[in-house]
Each structure stands twice: as C-alpha cells, then as structure tokens.
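Visitor: after the sequence you'll find the predicted model.
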Amino acid sequence: MKITQVEVDVLCVPVAQPYSAAGRQVTGNWHVLARVTTADGVQGHGYIVSPRQALVAAVGQATRELSSQLIGMHVLEVEAAWERLAKAGDWIGPGGLLHYAIAPLDIALWDAAGKTLGQPLYRLLGGYRDRVPAYASDGLWYNLSLEALAASAGKHVANGYTAIKMRLGHEAHPEDEARRVHAVREAVGPEIRVLVDATETWQLGQAMQTGRALQEAGIAWLEDPVQHEDVTGLATIAQDLLIPVATGEHLYQLSDFHRLFQARGTDIAIIDLGRIGGITPWRRVAALAQAYHIPVCGHVIPEIHVHLLAAIPNSYLVENVPRSEAILQGMPALEAGCLVAPSGPGLGIALDADAVQRYRVS
Ligand SMILES: [Mg+2]
C-alpha cells in the first residue's frame, strides 16, 4: 500500500451564508485540498480552510512542493510522513506556513489509512464515542443589532443546538458588551450554553472589567479575551474570573500549548487543525492537555474535528461551522445537540469531484 500519487489543488468554495470576520464580509472560503492515492487505488483527501486568499495561495504552493516526499511511503506510516514533511520544509518553518502546508497532506494520509483498514477515523484513533456535543458558531456576529442577535440565537436553539457562540469586542463599554450577552441569554433561556468569543480585541484591564460584567450572565466560556501571546494576562483572567477561559486557536506548536498549560493560562484548549499541522500534532496537543486535566475543542472544520474529538477522553465541544459543504457529500448530522461522526471508512465524507473541478482556482 505505497503512495503512488499526490494531487494538490487550491479552491474557492462559496459560503452558503456569508459571514462577517475581522470586520469584513466573507463570501468564499479558500481551500488547499490534497488527494493521495495508493498502489491499490485507495484515495484519501485532506484540506485546510481560510477566508484569506493570499495565505491559501502560498500554502498551496508549499503543499505542492512538499507532496513529492510522500511518494513511495506506506499509507500507514502517517507519523513518520509528518516528520519527513517537516524536515523537507524546514526552510519555511518552524510552525507558520509549514504547518498549514503539511496539514492537508497529513489529513489525507489519515483518511487513506482509515479507508485501507476499513475503519472510520474516530474508531481507528481511539473510539471513545461516536458523537460529540456541538455548538453553533455562525450567525451571532458583532455587527448584528440586539434584536437580530436574539433572533439568530433563537433560530439555533430551534434547530436543535444546546450550545451557541457569540462574538464580542466591538463595543466601547463593558456594559454594552454585557447587554449583548443578556439579550442572547434572554432569547435562549437558562438551559442553553452560551459561549463568548472576544477575538483578542481587549486589553487586560478591559477584559477583566467586561469579564466581571459577564459573570452573572452564566456564560460557559470566555474565548480569547486578550492577545494569545499574553499568557500572563490569560492566566490572570483564568484565576480571577468565575468564567472558564478558552484559547489556543492561534497556536502553532506543541511547545506553545505546553507554555500556556504550565502557566494555567486557559481552562479549555482550542486546537486549530491547520495551524497545528494536521491530525498527527493535533493529537499530541490533546494528550498534553489531558495531563493538565484540560478539556479540548476543535477550531472550525467540524466534519473532521468530530472524528478527533470522538477519539480522545478529554473532548468537550465541537464547533459546528461547516465551510466545505459545497465540495463534500455525507456531512455529519446533528442529533439531540450532538454532531454524529460519519461511520464510513476514513473521514467518511466523499468529495464531490464535479464541485472540486468547478471551484478549482489552481
Ligand atoms: Mg475564536
């Protein structure tokens, strides 16, 4: 089962519901898609997603350049492949672009490994469960009025979610931020988990003030209250506020997470599959988090994260914010507030070859 072919494509995939990120409207998501084929015809696919075209163009080039390293390797030598790719690409690393470039290849190899063994990824990697509690992450953007925010939150609950995430960070005063959270809480009632993402917009003092104003709203976590490199600030917030802090989506290295955990800078670890470099290092961070009794969540790409979170003991919630539906078939279903891991071999999600061709840019 040697790898005989690797194809890498850059795609611009339309978004079903345009959304607002970093102060701009996003209507298309850029993908770097890798497809590996083995000598016996098994094909695995992996991808990263970003709203930023420039990033993905550069990643696509780097992934393509690295991909030849996999030719001739056995499909089950996934971890050895990761090290080989990292070594071959050390001129663009460590972390950063290199990790983004390795991620699609690493994910494609894991998909092909699952297909070769005839097992869904969540079972191949550990099989703790076949579903993970999900939170809705679309819709509750900071550009919405209080009324629109409440309506959007109510819609998620009507659609079966028991947890939802809203963004803060664009109001001038802590009381105005708190007003937004109270509007959502009122709309969804006391039972629904409300998560708040401040997207690194506050200084420490502002984060403490706003955090205190939010304490009575009963929020389940406060995400990225300050810039991710301010580990001391994060630790202060985690210790002083009665709200769990969640962070990690901006980190590239296992050692970054180690520093964060050692400093007690977070109560919940969020791991980004692209920045960390794919499934192989993702699992190392999750194991490290377990040593600190820290639960783990994934950042975006829910159809892959549901497998990873179902395969570890310390999983918490999966962020359900699908961005690749237009090129995939067999997306995971939401049942009783949980995302169900696809049961087919590997990722259990088929690529729509026509759609890939249609949205292919290079
Ligand atoms: Mg976030």
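Guide: Good, I have the coordinates.
Visitor: going by C-alpha atoms from here, please, whenever you check contacts or count neighbours.
Guide: Noted.
Visitor: tell me which other helices or strands the longest helix anywhere in the chain touches.
Guide: Selection of the longest helix in the chain by residue count, based on DSSP state H, yields helix 96-117. Identification of packing neighbours for helix 96-117 by 3 or more C-alpha pairs under 8 Å, 6 or more residues apart in numbering; DSSP states H and E yields strand 24-38, strand 43-50, helix 53-67, helix 78-88, helix 121-124, helix 273-276, helix 279-291.
Visitor: next, Leu334: phi, psi?
Guide: phi -100, psi 120 (degrees, to the nearest 10).
Visitor: so it makes contact with Val340?
Guide: Yes - between Leu334 and Val340 there is a contact under C-alpha atoms under 8 Å: 6.3 Å.
Visitor: all strands of the stretch 201-350 of the chain, in order?
Guide: For the stretch 201-350 of the chain, applying DSSP state E, counting those that start in this stretch gives strands covering 221-223, 245-247, 268-272, 296-299, 318-320, 328-329, 334-335, 338-340, 350-351.
Visitor: what comes into contact with the second one?
Guide: Residues outside strand 245-247 that contact it (C-alpha atoms under 8 Å, 6 or more residues apart in numbering) are 221-225, 228, 234, 237-238, 265-270.
Visitor: for the record, mean pLDDT for it?
Guide: The pLDDT scores in strand 245-247 average 98.
Visitor: got it, and the longest one?
Guide: Model confidence over strand 268-272 averages 98 on the pLDDT scale.
Visitor: now the helices and strands packed on helix 96-117 in JSON lines, with distance to Val188?
Guide: Shown next, in JSON lines, are those (distance: least, C-alpha to C-alpha, whole Å):
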{"stretch": "strand 24-38", "distance to Val188": "26"}
{"stretch": "strand 43-50", "distance to Val188": "30"}
{"stretch": "helix 53-67", "distance to Val188": "36"}
{"stretch": "helix 78-88", "distance to Val188": "44"}
{"stretch": "helix 121-124", "distance to Val188": "32"}
{"stretch": "helix 273-276", "distance to Val188": "30"}
{"stretch": "helix 279-291", "distance to Val188": "31"}
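Visitor: nearest to Tyr359, out of the ones you listed?
Guide: Relative to Tyr359, the nearest member of these by C-alpha to C-alpha is strand 24-38, separated by 9.6 Å.
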